[in-house]
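Enquirer: just coords:
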């Protein structure tokens, strides 16, 4: 409804953006949609605990940091971000070890 209202109130203007813009838009649309689909599918699987599944959301800031260091010029890791990433990865690793030991 906002789009239809905007078409009558605003003057439509066609702009051509660089190809990086369109790649970013597609990337930012596909990744969350895929993640939500996987998340929803995993929640429907029998035997999957929501509390264990929620822990994996901590991977999001790790991938965001690493991708920004790779893709953005001038972005460099500092000691605090590296320490945070190591802490999160260690927590996920320890959780998996605990889960594996409980299953044995």
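Expert: Sure, I can see it. No experiment lies behind these values; they were computed from the predicted model shown.
Enquirer: quick check: domain ranges of this structure?
Expert: Structurally, the chain divides into domains by automatic domain parsing as follows: 16-47, 49-104.
Enquirer: Give me the buried positions along stretch 78-96.
Expert: Buried residues in stretch 78-96, counting neighbours by 16 or more other Cβ atoms under 10 Å, are found at 81, 85. Just so you know, the C-beta spots here come from the backbone N, C-alpha and C atoms, and that holds for glycine as well.
Enquirer: Identify the residues contacting that stretch?
Expert: For stretch 78-96, the surrounding residues in contact (Cβ atoms under 8 Å, 6 or more residues apart in numbering) are 52, 55-56, 58-59, 61-62, 65-66.
Enquirer: Just the element for residue 3, please.
Expert: Element membership for residue 3, per DSSP states H and E: helix 2-9.
Enquirer: Centre of the chain to that helix, how far?
Expert: With Cα atoms, centre = their mean, to the nearest Å as the basis, helix 2-9 stands 31 Å off its chain's centre.
Enquirer: Now find how far off-centre the helix or strand following that helix is within its chain.
Expert: Using DSSP H and E, the helix or strand that follows helix 2-9 in sequence is helix 19-44. Distance of helix 19-44 from the chain centroid (Cα atoms, centre = their mean) equals 8 Å.
Enquirer: Average pLDDT for the helix or strand following helix 19-44, rounded please.
Expert: Counting by DSSP H and E, the element after helix 19-44 in chain order, helix or strand, is helix 50-55. Across helix 50-55, pLDDT averages out at 77.
Enquirer: pLDDT-wise, which helix or strand of the protein ranks last?
Expert: Least confident helix or strand of the chain, by mean pLDDT, DSSP states H and E, is helix 50-55 with a mean of 77.
Enquirer: State the next helix or strand along the chain beyond that one.
Expert: On the C-terminal side of helix 50-55, the closest following helix or strand by DSSP H and E is helix 59-71.
Enquirer: quick check: mean pLDDT across the helix or strand following that next one?
Expert: Downstream of helix 59-71, the next assigned helix or strand under DSSP H and E is helix 79-103. Helix 79-103 carries an average pLDDT of 85.
Enquirer: Helix 79-103: how far from the chain's middle?
Expert: Distance, stretch centre to chain centre, for helix 79-103: 18 Å (Cα atoms, centre = their mean).
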